[in-house]
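**Student:** Structure, please.
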Amino acid sequence: MQHRIKLRPDEVKDFVTAAEKCTFDIDISYNSFIVDAKSIIGVMGLNFNQVLTVSCNGYDADFEEYLLRFAVAC
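**Tutor:** Sure, this is the predicted structure:
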C-alpha cells in the first residue's frame, strides 16, 4: 500500500515512532531515494520540499489513520 505525504522536519520523530510500532517493513521515498521509515537518520536525510511516498508491506489501522494527517492530494 502506498501513500503520498508531505512531512516537515519537526514531525520526523513522531513519524518514525509511529512506523516503529508496525511489525512490517515501511519505506519512504522520493525520486530514486528510498529509506527505511523506521530510521530517524534515514528519514532526516530526505528532502522535505518533495512529496514523499510511503510504501507499507502490511496493514496497521492506527498507522494508516496516522498517515492521513500528512496526506496530499494526488
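**Student:** for Ala71, what are its contacts?
**Tutor:** Neighbour list for Ala71: His3, Arg4, Ile5 [criterion: Cβ atoms under 8 Å, 6 or more residues apart in numbering]. No exception for glycine: its C-beta is placed from N, CA and C like everyone else's.
**Student:** no wait, Asp60
**Tutor:** By Cβ under 8 Å, 6+ apart, the residues touching Asp60 are Lys21, Cys22, Thr23, Phe24.
**Student:** 7 Å instead?
**Tutor:** Cys22 (Cβ atoms under 7 Å, 6 or more residues apart in numbering).
**Student:** re the thing from before, so how do I select the buried members of the contacts of Ala71 in ChimeraX?
**Tutor:** Buried members of those, defined by 16 or more other Cβ atoms under 10 Å, are picked up in ChimeraX with:
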select :3,5
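**Student:** any idea which of the contacts of Ala71 is closest to Val72?
**Tutor:** Using Cβ to Cβ, Arg4 is the member of those that sits closest to Val72, with 5.1 Å.
**Student:** so that closest one touches Val72, yeah?
**Tutor:** Yes. In this structure, Arg4 is within contact of Val72 by Cβ atoms under 7 Å, at 5.1 Å.
**Student:** Between those two, which contacts overlap?
**Tutor:** Val51.
**Student:** Okay, helices next: where are they in the chain?
**Tutor:** Using DSSP state H, the helices found in the chain span residues 12-20, 40-44, 61-67.
**Student:** just these: most buried one?
**Tutor:** Among these, the stretch with the highest mean neighbour count (mean count of other Cβ atoms under 10 Å) is helix 12-20, at a mean of 17.
**Student:** Show me where this protein has its strands.
**Tutor:** Per DSSP state E, the chain carries strands over the ranges 2-5, 26-30, 33-36, 52-56.
**Student:** For Ser32, which of the helices of the chain is the nearest?
**Tutor:** Of the helices of the chain, nearest to Ser32 by Cβ to Cβ is helix 40-44, at 14.4 Å.
**Student:** Could you report the neighbour count for the closest residue in space to Ile26 that isn't next to it in sequence?
**Tutor:** Nearest non-adjacent residue to Ile26, counting by Cβ to Cβ, 6 or more residues apart in numbering: Ala37, 3.9 Å away. Other residues lying near Ala37 total 24 when counted by other Cβ atoms under 10 Å.
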